[in-house]
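Enquirer: Sequence plus the predicted model coming up.
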Amino acid sequence: MPELPEVETTRSGIEPHLLGKTIQGIVIRQPRLRWPIPQSLKQCLPGQQVLAVERRAKYLFLRLTQGTVIIHLGMSGSLRVLPAKSQPGKHDHVDLIFGKQCLRLHDPRRFGALLWTVVDPNKHKLIQHLGPEPLSSKFDGHYLYHLSCNRRIAIKNLIMDSKAVVGVGNIYASESLFRAGIHPARQSNRIALKRYMLLADKIKQVLQEAIIQGGTTLKDFQHEDGSAGYFAQKLQVYGRENAPCLHCEHPIMRRVIGQRSSFYCPNCQH
DNA sequence: AAATTCTCCTGAAGGC
DNA sequence: TGCCTTCAGGAGAATT
């Protein structure tokens, strides 16, 4: 379930614990994530220092002296900074050891990934074709409008396509379309520039609010109970099927679009 | 080329 | 209480 705000909150939460630290070793209890965790990390990592903790889309980069660890949390992954000797629980697949502390990857559904690259991670196969960051100036209404030209895809599927824009997952796609008053199934090429301007603004707004929210609710990355999951308290339509719309009180509808549940108000969104 | 479908996995929820 | 089935979900890969 981590969406971009959760990943960014994770990044800023673990960063102060890792910067400048030297990796002593790695413990891999379960290498079978989305892709196998490279066993070569056991030789590569020891002695390397963490120079930066970055995020691109929903990927995290641990920039080391010579190479980069790429981590994706999938939909159930989380990272914690814990005492290295603390007892691992079920689904605690990997520990990166930093002296008395460790960075522990927990991922029940194993849709996540932990990879290694010695070249620029932005040139990595999984990264290089990604679209712009939603919070960057490169992403705006004009960009979306030009992208939508001749495309018949439902707008919700377009904004969830990582080649179009990264970091907009199922939850925030529904939320931003509600705030922009756009029906999630509307064809992309049947939306005016002006409405795309609004949509881009709402995407930025919804993500930025959630990041700020996350900064206040998820600031403890050193304890198991530090996580509040995703920021459900801010959601206006997601998961609210049949509940009254917060604007007009019409029941919120749920409909599957592109294999994913979409929540919307049929009265407010067109 | 663009759009859709499939796939990995586990835990939660629902049915009986 | 407990077993079985169904479903959700990120996003790359495969297919149409």
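Expert: On my side now, so go ahead. Numbering: from 1, shown residues only, chains lettered A, B, ... in the order given.

Enquirer: Which SSE is immediately downstream of the worst-scoring helix or strand of chain A on mean pLDDT?
Expert: Ranking every helix and strand in chain A by mean pLDDT, DSSP states H and E puts helix A:193-217 at the bottom, with a mean of 89. Downstream of helix A:193-217, the first helix or strand assigned by DSSP states H and E is strand A:253-257.

Enquirer: Is that next one in proximity to DNA strand B?
Expert: No. Where contact is defined by C-beta under 7 Å from any atom of the strand, no part of strand A:253-257 touches DNA strand B; the two come within 8.6 Å at best. Any C-beta I mention is one placed from the backbone N, CA and C, and that applies to glycine too.

Enquirer: That strand pairs with which strands, parallel or anti?
Expert: Strand A:253-257 has the following strand partners under DSSP bridges: strand A:260-264 (antiparallel).

Enquirer: mind listing what's buried in the strand it pairs with?
Expert: A:262-264 (16 or more other C-beta atoms under 10 Å).

Enquirer: Over to stretch A:146-166?
Expert: Buried-residue list, stretch A:146-166, by 16+ other C-beta under 10 Å: A:147-148, A:153-161, A:164-166.

Enquirer: now swap in stretch A:185-198 and tell me
Expert: Using 16+ other C-beta under 10 Å as the burial criterion, the residues of stretch A:185-198 that qualify are A:185-186, A:188, A:191, A:195-198.

Enquirer: out of those, what pair is the most spread apart?
Expert: Comparing every pair within those by C-beta to C-beta identifies A:185 and A:197 as the most remote, at 20.7 Å.

Enquirer: Show me which residues of the stretch 101-250 of chain A are close to DNA strand C?
Expert: Listed as neighbours of DNA strand C in the stretch 101-250 of chain A under the rule C-beta under 7 Å from any atom of the strand: A:109, A:111, A:125-126, A:130, A:162, A:167, A:169-171.

Enquirer: and if we set it to 6 Å?
Expert: Residues of the stretch 101-250 of chain A lying close to DNA strand C (C-beta under 6 Å from any atom of the strand) are A:109, A:111, A:126, A:162, A:169-170.

Enquirer: Now rank those by neighbours and give me the top one.
Expert: Compared across these, residue A:169 has the highest neighbour count, 22 neighbours, by other C-beta atoms under 10 Å.

Enquirer: That residue contacts residue A:161, correct?
Expert: No. Under the criterion of C-beta atoms under 8 Å, residue A:169 lies out of contact with residue A:161, with a separation of 11.6 Å.

Enquirer: Of the buried residues of stretch A:146-166, which is the nearest to DNA strand B?
Expert: Within the buried residues of stretch A:146-166, distances to DNA strand B taken as C-beta to the nearest atom of the strand reach their minimum at residue A:153, with 3.9 Å.

Enquirer: okay, that closest one: pLDDT?
Expert: Each residue has a pLDDT score; the one for residue A:153 is 95.

Enquirer: Now do the contacts for it.
Expert: In this structure, residue A:153 makes contact with A:161, A:187-188, judged by C-beta atoms under 8 Å, 6 or more residues apart in numbering.

Enquirer: which intervals of chain A have sub-threshold pLDDT?
Expert: The model of chain A has pLDDT under 70 over residues A:1, A:215-233.

Enquirer: mind checking how far residue A:168 is from residue A:110?
Expert: In this structure, residue A:168 lies at 23 Å from residue A:110, with C-beta to C-beta, to the nearest Å as the measure.

Enquirer: Show me which of these two is the more surrounded one.
Expert: When residue A:168 is set against residue A:110 and neighbours are counted by other C-beta under 10 Å, the residue ahead is residue A:168, at 26 against 16.
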